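# Have a look at this fold, sequence not included:
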């Protein structure tokens, strides 16, 4: 009985740490995009990989690149700054309506999206879609990401 309880507690601790690590990685990448935009004095974009446009699914990974024209695509002349693979351990990463395919940071560090608004969320959900153990990264109009416990639906 003690061993099964200890194993259960250890499993919960591992899952909690994986969620924190995945969520912190999203914050890190958003901060990287914003700081690169300020440093380079040009727009920098974070764009999701794969799939149809407008579906808000980011777990196939993403890229960060300089964006000369800001059309949401990486064009000739844009510089690839970083490539990120999908989240580990079956976690999903979804956004709200503003960051369906990309989020850009202006040279001032302010974020914007295809809809023109720079605020949205990145929702990080563990395998199985448990809302109670999910988290989200809220990006404000100023481009600042912050962590919050989530409410709502996981995929």
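Received, thanks. In this text, all values refer to a predicted model and were calculated from it rather than measured experimentally.
# which residues of this structure fall in strands?
Secondary structure of the chain (DSSP state E): strands at 44-48, 62-66, 80-84, 92-95, 102-105, 111-112, 120-125, 135-139, 145-149.
# Among those strands, which comes closest to residue 34?
Using C-beta to C-beta as the measure, strand 102-105 is the one of the strands of the chain that comes nearest residue 34, at 4.5 Å. (Each C-beta comes from the backbone N, C-alpha and C, glycine too.)
# Show residues contacting the closest one.
Around strand 102-105, the neighbours that count as contacts under C-beta atoms under 8 Å, 6 or more residues apart in numbering are 30, 33-34, 36-38, 43-48, 67, 70, 72, 111-114, 118, 120, 139, 143.
# Might you calculate how far it sits from the centre of the chain?
From the chain centre to the centre of strand 102-105 is a distance of 11 Å (C-alpha atoms, centre = their mean, to the nearest Å).
# repeat for stretch 137-154
The answer for stretch 137-154 is 10 Å, by C-alpha atoms, centre = their mean.
# With stretch 118-136 instead?
The chain centroid and the centroid of stretch 118-136 are separated by 10 Å under C-alpha atoms, centre = their mean.
# repeat for stretch 110-127
On C-alpha atoms, centre = their mean, the centre of stretch 110-127 falls 7 Å from the chain's centre.
# What is the end-to-end distance of it?
Start and end residues of stretch 110-127 are separated by 32 Å (C-alpha to C-alpha, to the nearest Å).
# What distance do you get for residue 33 to residue 118?
Distance of residue 33 to residue 118, given as C-beta to C-beta, to the nearest Å: 12 Å.
# Between the two, which has more neighbouring residues?
residue 33 (25 against 20; other C-beta atoms under 10 Å).
# Would you confirm that the more buried one contacts residue 64?
Yes - counting by C-beta atoms under 8 Å, residue 33 does reach residue 64; the two are 5.2 Å apart.
# overlap in contacts of those two?
With C-beta under 8 Å, 6+ apart, residue 33 and residue 64 have common neighbours 44, 45, 46.
# didn't the last one look like it was pressed against residue 63?
What it means is residue 46. Yes - counting by C-beta under 8 Å, residue 63 is a contact partner of residue 46 at 7.5 Å.
# so where's this structure shaky on pLDDT?
Scanning the chain for pLDDT under 70 picks out 1-2, 4, 6-7, 54, 129-132, 149-153, 155.
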